[in-house]
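> Following is a predicted model, sequence given first.
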Amino acid sequence: MDIRIDDLSGPEVKQILTEHLEDMFATSPPECVFALDLDGLKKPNITFWTVWEDSQLLGCGALKSHDDTHGEIKSMRTTLAARNKGVASTLLHHILDTAKQKGLNIISLETGSQDFFKPARKLYAKHGFIECGPFSDYKLDPHSVFMTRKI
């Protein structure tokens with residue numbers, strides 16, 4: 001697997017992010033969807049990675065820096081063909097290692113509370129994330145689960 005910083009210009013990346021947003025809007029009320037679109041992921045405080053095997057896109061994920069100590073995981077997604085093959089865990093380790101190198105010591109995330117998001121919550125719990133209250137600009141919401149961990 002090759003993990004690389006991505007400029008979000010390729011058609012495969014646009015496709016996976018379109019699928020991601022479609023799933024988010026299909027499973028959560030619009031006002032409770034916090035997934036970022038292409039423009040949102042191009043902000044200077046966000047690093048976006050893709051995972052490839054040869055020329056096949058396997059997944060993506062991003063790290064948003066809130067300040068010098070706190071980061072947030074955004075837009076974690078694997079393709080259907082790559083599910084249950086360790087892609088998400090490998091990328092998550094990469095993001096956490098990068099966050100540590102940047103001097104961040106807390107990483108948080110927001111995911112959904114619906115059954116659709118159960119695999120994501122299980123993945124994050126497996127890697128030491130615990131549920132917490134809202135952080136940054138998030139508000140308490142029955143459709144959201146907030147998780148965090150120290151690094």
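Received, thanks. Numbers count the residues shown, from 1 in each chain.

> use CA for all of it now, contacts and neighbours both
Noted.

> which ones are touching the closest residue in space to Asp141 that isn't next to it in sequence?
Excluding the flanking residues, the one nearest Asp141 by CA to CA, 6 or more residues apart in numbering is Cys32, at 7.7 Å. By CA atoms under 8 Å, 6 or more residues apart in numbering, the contact list for Cys32 reads Asp141, His143, Ser144.

> The last one contacts Phe117, doesn't it?
No - using CA atoms under 8 Å, Ser144 is not in contact with Phe117, being 9.8 Å away.

> Which one of the two is surrounded by more residues?
Ser144 (22 against 15; other CA atoms under 10 Å).

> tell me the contacts of the more buried one?
Contacts of Ser144 (CA under 8 Å, 6+ apart): Cys32, Glu110, Thr111, Gly112, Ser113.

> residue ranges for the helices of the protein, please.
11-27, 38-41, 87-101, 118-126 (DSSP state H).

> Name the residues that touch the first one?
Applying CA under 8 Å, 6+ apart, the external contacts of helix 11-27 come out as 8, 33, 35-38, 50, 57, 59, 75, 77, 79, 114, 116.

> out of those, which are buried?
Leu8, Val33, Ala35, Thr50, Leu57, Gly59, Ser75, Arg77 (16 or more other CA atoms under 10 Å).

> ok, the contacts of helix 11-27 vs Ile130, which is closest?
Gln114 (17.0 Å; CA to CA).

> wait, the closest one sits on Arg121?
No - in this structure Gln114 lies outside contact range of Arg121 using CA under 8 Å: 10.2 Å.

> Dihedrals phi and psi, the residue sitting furthest away from the middle of the chain?
No residue in the chain sits farther from the centre than Asp54, which is 22.4 Å out by CA atoms, centre = their mean. Per-residue torsions, Asp54: phi 60, psi -120 (degrees, to the nearest 10).
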